[in-house]
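Trainee: sequence isn't available, so here's the structure alone:
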């Protein structure tokens, strides 16, 4: 296990979490470099798609030009979106009561070991407060660890999560939890194996249907997963897990990068909510 690969934006440990890895680059600089790389890739793909489309138009006498985008779809909204996706561009996953007064925003990467630790330690407490209406959760999923470590496990897990979201927010949440429970070492990229993702999905009652399996194998929601990842990159969040309650960061990791205890998490939320109501 390599510490500091995916860092928390925990205010208590911000300086520590930006410590460089052996390659001398901090988590912040690595993510900035990844954003720059993605912008360049998008620009190259857009130019190539325009050139290809123009050629096809001239040779085939066509009347329409579809400009491909980096998210795997085409301009004009032809990306296949899972049902139950939220937000203006469908890149937010909401779990909990829509009428909840408070909002917990969560930024994660399925390959992030710190996200896995948080889920395995505080996951039940985080969900319980959503289920009881204290807040609704808005998930913002990233895939920057694929760029940092190589591979595409984060992206494959995210597109499979899109297939689960198509079945409902509760199915997404259950699959989300199962992924973290069965999370491999971040360096192995085991989530890139669709059969492994399907085996984990079989642990969610009612999820592993033929339709779900086909969507995962065909990458039906790959374009949507790229859109979600791009939205994460544009958000300015530079580490995972990052949690904000009503826009204010929550210190959910201690000074050593370990999650706070469930009772501490619950008390932190209650204190924050109580302070807001005064």
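Mentor: Good, I have the coordinates. What you see is a predicted model; the values in this text were computed from it and never measured. Numbers count the residues shown, from 1 in each chain.
Trainee: let me know how buried residue 195 is, in neighbour terms.
Mentor: Residue 195: 10 surrounding residues under other CB atoms under 10 Å. Every C-beta, even on glycine, is put in place using the N, C-alpha and C of the backbone.
Trainee: begin at 20 from here
Mentor: I'll keep to 20 as the first residue from here, and by that count the last item is residue 214.
Trainee: name the SS class of it, please.
Mentor: Counting by DSSP: H, G, I helix; E, B strand; the rest coil, the backbone at residue 214 sits in helix.
Trainee: tell me the pLDDT of it.
Mentor: Note on residue 214: pLDDT of 97.
Trainee: so it versus residue 175, what's the distance?
Mentor: In this view, residue 214 and residue 175 are 11 Å apart by CB to CB, to the nearest Å.
Trainee: quick one: strands adjacent to the strand or helix carrying residue 158?
Mentor: Assessed by DSSP states H and E, residue 158 sits inside strand 154-161. The pairing partners recorded for strand 154-161 under DSSP bridges are strand 111-114 (antiparallel), strand 121-128 (parallel).
Trainee: now mean pLDDT too, for those, in JSON lines please.
Mentor: Formatted as JSON lines, the strands paired with strand 154-161 follow (pLDDT from 0 to 100):
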{"stretch": "strand 111-114", "mean pLDDT": "98"}
{"stretch": "strand 121-128", "mean pLDDT": "98"}
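Trainee: turn the ones you listed into JSON lines, columns for distance to residue 196 and mean neighbour count.
Mentor: Converted to JSON lines, these look like this (distance: least, CB to CB, whole Å; neighbours: other CB atoms under 10 Å):
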{"stretch": "strand 111-114", "distance to residue 196": "11", "mean neighbour count": "21"}
{"stretch": "strand 121-128", "distance to residue 196": "12", "mean neighbour count": "22"}
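Trainee: can I get those strands in JSON lines including distance to residue 249?
Mentor: Shown next, in JSON lines, are the strands paired with strand 154-161 (distance: least, CB to CB, whole Å):
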{"stretch": "strand 111-114", "distance to residue 249": "13"}
{"stretch": "strand 121-128", "distance to residue 249": "14"}
